[in-house]
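Asker: coords please:
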Amino acid sequence: MNSYRLLTILIMFSSPVFWGCSPPSPPKKEPTAKIIISPSPSPIIPPSDIKAANRYRQLGLQYRQQGDFIKSIEALKKSVQLNPNHLDGRVILGWTQHLAKQPLAAQTTLEETIKIAPDHVAAYNALGIVYLVGGHLEKAVVTHTKAANLKPNNEIAYYNLSLAYHRLKDFNSAITNAKKAVKLEPNNPHPLVALAMIYLDQGDSKKARDTYKKARDLDGRYRQKWFLAHLKEAGFSQEQIQLVEKLLSEI
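Answerer: Residues are numbered from 1 along each chain as shown. So this is what the prediction gives:
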């Protein structure tokens, strides 16, 4: 999707016409500027650059899998430079910057991607998580809400909305979104853990325990306190992890 539009302004004038000595006819109304908006085409990328960009993207993913974020980001940047039209390549770069704990760089990359492609769901999902982890909760809500509107069966958006709304102390919205995530992804324990945590903080210990047991049945590792540190990678804040630890101690 193009983000730049070329504005061509055509101003047309009309002049009054006089016939001999007869009174002049009323002058035609001069129209206001007529703006014609036409999208500018995406830059044409040579096939050789597209091929090279694909190679750098795969190389960047390989480096990321190996845990070498410096080389990964370097390769992914080259990929984007060679083929700026590849939107998923931009999202991959932004997400890798997030994983490398470069929040400002990740935010910039993903925000630029959304400016280019305002309907790109993956970019909204990734940017919403960057906002959530960075503590920009209102921005996280706005961004994930947009992602959910673009894709109503977007379990990622609903799950992260549940975490953001919980931190904002909007328990009803948090529960609503957590339930949507559970329904869309019933085999993922994370939305169930989030829902159980929200119930606990709301004061409904029974629902909290019953819901957490369902998550535990899906993944037995949630019986162990040491495994709860893993929730940080799932978007939980430290305070939210402590609530889950409290819940586990009560079961």
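Asker: which parts of stretch 43-57 are buried?
Answerer: Taking 16 or more other C-beta atoms under 10 Å as the neighbour-count basis, stretch 43-57 is seen to contain the buried residues 52-53, 56-57. C-beta here means a position set from N, CA and C on the backbone, and glycine is covered the same way.
Asker: filter those residues down to just the ones in helices.
Answerer: With DSSP state H as the criterion, helices contain 52-53, 56-57 from among these.
Asker: and residue 189, how far from residue 211?
Answerer: Distance check for residue 189 against residue 211: by C-beta to C-beta, to the nearest Å, it reads 10 Å.
Asker: if you count surrounding residues, which of these two has more?
Answerer: Just comparing residue 189 and residue 211: by other C-beta atoms under 10 Å the higher neighbour count belongs to residue 211, 24 against 21.
Asker: now name the helix or strand holding that one.
Answerer: Using DSSP states H and E, the element containing residue 211 is helix 205-218.
Asker: now the strand or helix carrying residue 194 and helix 205-218, what's the angle there?
Answerer: Counting by DSSP H and E, the element that carries residue 194 is helix 189-202. What separates the directions of helix 189-202 and helix 205-218 is an angle of 160 degrees, with axes from the mean of the first three to the mean of the last three C-alpha atoms, to 10 degrees.
Asker: any idea how far residue 127 is from residue 184?
Answerer: Spatial separation of residue 184 from residue 127 under the definition C-beta to C-beta is 20 Å.
Asker: who's more crowded, the two?
Answerer: Neighbours were tallied for residue 184 and for residue 127 using other C-beta under 10 Å; the higher tally belongs to residue 127 (28 against 17).
Asker: which residues sit against the helix holding residue 194?
Answerer: Surrounding helix 189-202, the residues in contact under the criterion C-beta atoms under 8 Å, 6 or more residues apart in numbering are 155, 158-159, 162-163, 166, 171, 174-175, 178-179, 181-182, 185, 205, 207-209, 211-212, 214-216, 218-219, 222, 231, 234, 236, 240, 243-244, 246-247.
Asker: run a quick neighbour tally on residue 139.
Answerer: 17.
Asker: check which helix or strand covers the residue nearest to it when sequence neighbours are not counted.
Answerer: Closest residue to residue 139 apart from its sequence neighbours, by C-beta to C-beta, 6 or more residues apart in numbering: residue 131 at 4.3 Å. Per DSSP H and E: residue 131 is located in helix 121-133.
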